[in-house]
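In: quick one: sequence and predicted model below, then my questions.
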Amino acid sequence: MSNINTVTISGRLTRDPELRYLNNGNAVTNFAVAVNAWNGTEETVSYFDCACFGKRAEAVAQHRHQGDAVIINGRLSQNRWEADGQKRSRIEIVADQVEFGARKQPDEGE
């Protein structure tokens, strides 16, 4: 049995992407995506932390901003650490592909 770890989401950036460079010079961009879904009776929103690396990271940071639409294809990654004697973990999507969707339209009067 093979392990499958793929995820695809479509939504809007909740904040501007944050670009930084690792000690080895590799670019990494962190961002969050809000995904709206209809559960049959009401609309719900889920928020996903995402990261991408290299040229993709630089492109996302340069061309995407809060409110812009994106489609993310990637994999789930769990980070584990210990803080103040407590074990912590966080799951994020590591994006292998980021497709740019519609840009956020400015409000009337802007």
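Out: That came through, no problem. Predicted model, so just to flag it, every value in this text is computed and none were measured.
In: my read is residue 3 is in a helix, agree?
Out: No - going by DSSP: H, G, I helix; E, B strand; the rest coil, the assignment for residue 3 is coil, not a helix.
In: tell me how far it lies from residue 44.
Out: For residue 3, the distance to residue 44 equals 29 Å [Cβ to Cβ, to the nearest Å]. Placement of C-beta: from N, CA and C, glycine included.
In: so which of those two has more stuff around it?
Out: Neighbour totals were compared for residue 3 and residue 44, and residue 44 leads with 10 against 4 (other Cβ atoms under 10 Å).
In: quick one, what contacts residue 7?
Out: 72, 73, 74, 75, 76, 93 (Cβ atoms under 8 Å, 6 or more residues apart in numbering).
In: what do you get for residue 18?
Out: 29, 30, 31, 61.
In: in helices only, show me the residues you listed.
Out: residue 61 (DSSP state H).
In: so which of the contacts of residue 18 wins on neighbours?
Out: Highest neighbour count within the contacts of residue 18: residue 31, with 28 neighbours (other Cβ under 10 Å).
In: thinking that one is in contact with residue 60, fair?
Out: Yes - using Cβ atoms under 8 Å, residue 31 makes contact with residue 60 at a distance of 6.8 Å.
In: mutual contacts of the two, please.
Out: By Cβ under 8 Å, 6+ apart, the residues touching both residue 31 and residue 60 are residue 17.
In: quick check: closest non-adjacent residue to the residue nearest to the spatial centre of the chain.
Out: Residue closest to the average C-alpha location in the chain (Cα atoms, centre = their mean): residue 50, at 2.8 Å. Leaving aside its sequence neighbours, residue 50 sits nearest to residue 93 (Cβ to Cβ, 6 or more residues apart in numbering; 4.6 Å).
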